[in-house]
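> predicted structure and sequence below. I'll ask about it afterward.
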Amino acid sequence: AATRLTSTKKPATTMNATLPRSSSSYWTVRPARPQDQAMVQDLLYQSYSNLLANDYGPELLAEALPIICKANPELLSCGTWYVVEANTAARIPSTGNARDETTTMLVGCGGFTWQAPIPSTEPQHFQNDSVTTPHLRHFATHPKYARQGIARAIWNKCRHEICKGPPQNGHHHQKTNHLPTMEVYSTLTAVAFYASLGFETVQEVTLPLRGVTRNDDDSTECIMFPAMLMRREQGRGKKP
């Protein structure tokens with residue numbers, strides 16, 4: 001189900017569109033769909049190419065962006081990874097008087113899965129493989145809509161769903177007010193954001209990104225992408 005959130009922030013302006021004022025503006029947080037693929041990839045590129053530049057070198061980003069900006073089909077269909085839609089009002093020129101037209105665009109994405117995105121090679125990450133540890137996945141915000149609460153709105157949606165517990169036989173456990181232990185592989189850029197949600201740094205990690213093709217012999221190899229494993233321990237409170 002989609003969650004509608006009214007914005008109380010100052011409108012953000014793009015080249016051709018303006019987020020409407022709080023009296024009429026809203027964000028809709030909804031589960032992603034496979035047909036969102038193209039818009040998600042555009043959002044990821046707009047976000048990562050701008051916001052990661054302060055923490056990663058240009059050569060690394062040039063190789064990493066084509067990989068990390070791909071929409072993951074698993075996430076698009078899992079039901080617990082979300083996109084944020086915003087109504088935008090654009091001034092459309094015409095032969096007569098200009099007219100206002102409202103369109104919808106994706107301004108944020110992110111969510112969680114009940115399993116780690118990559119197999120753990122560190123025993124301390126998971127002391128018991130039978131225990132389900134929710135992982136936050138692939139958060140991004142359009143740079144022109146940053147710091148308006150979009151990523152936190154997705155986090156609130158994740159919290160609500162995680163409190164239900166992992167589904168078994170199509171049903172959730174009884175809902176509680178306590179969150180389990182959660183983890184995230186954060187970019188270096190997003191560490192402060194996850195820390196604001198109650199996550200603490202566990203250790204620096206290097207994530208293998210597959211799919212880099214070298215021009216000399218067309219071979220495919222991994223590049224190593226610096227990141228941070230962060231964890232939010234169970235019992236840290238009902239709210240971040």
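Great, that's in hand.
> could you pick out the longest helix of this protein?
helix 37-51 (DSSP state H).
> what segments of this protein are helices?
37-51, 58-68, 73-77, 150-162, 191-196.
> give me the contact list for the longest helix of the chain.
Residues outside helix 37-51 that contact it (Cβ atoms under 8 Å, 6 or more residues apart in numbering): 32, 61, 65, 68-71, 73, 76, 83, 105-109, 138, 140-143, 146, 189. To be clear about C-beta, it is placed using only N, CA and C from the backbone, and glycine gets the same treatment.
> the same query, at a cut-off of 7 Å, please.
By Cβ atoms under 7 Å, 6 or more residues apart in numbering, the residues outside helix 37-51 that reach it are 32, 65, 68-71, 76, 83, 106, 109, 140-143, 189.
> same question for it, mean pLDDT?
Mean pLDDT, computed over helix 37-51, is 96.
> repeat that for stretch 159-172.
Predicted confidence along stretch 159-172 averages 78 (mean pLDDT).
> and that stretch, C-alpha only, in CSV?
Output in CSV follows, covering the C-alpha atoms of stretch 159-172 (Å, rounded to 0.1, in the frame of the first residue of the first chain):
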residue,chain,number,x,y,z
ARG,A,159,10.4,0.3,10.4
HIS,A,160,6.7,-0.3,10.1
GLU,A,161,7.2,-3.4,8.0
ILE,A,162,10.1,-4.8,9.9
CYS,A,163,8.2,-4.7,13.1
LYS,A,164,5.8,-7.2,11.6
GLY,A,165,8.6,-9.8,11.5
PRO,A,166,9.6,-11.9,8.5
PRO,A,167,6.7,-13.5,6.6
GLN,A,168,6.2,-17.2,7.1
ASN,A,169,3.7,-19.1,4.9
GLY,A,170,2.5,-15.8,3.6
HIS,A,171,1.8,-14.3,7.0
HIS,A,172,3.7,-12.1,9.5
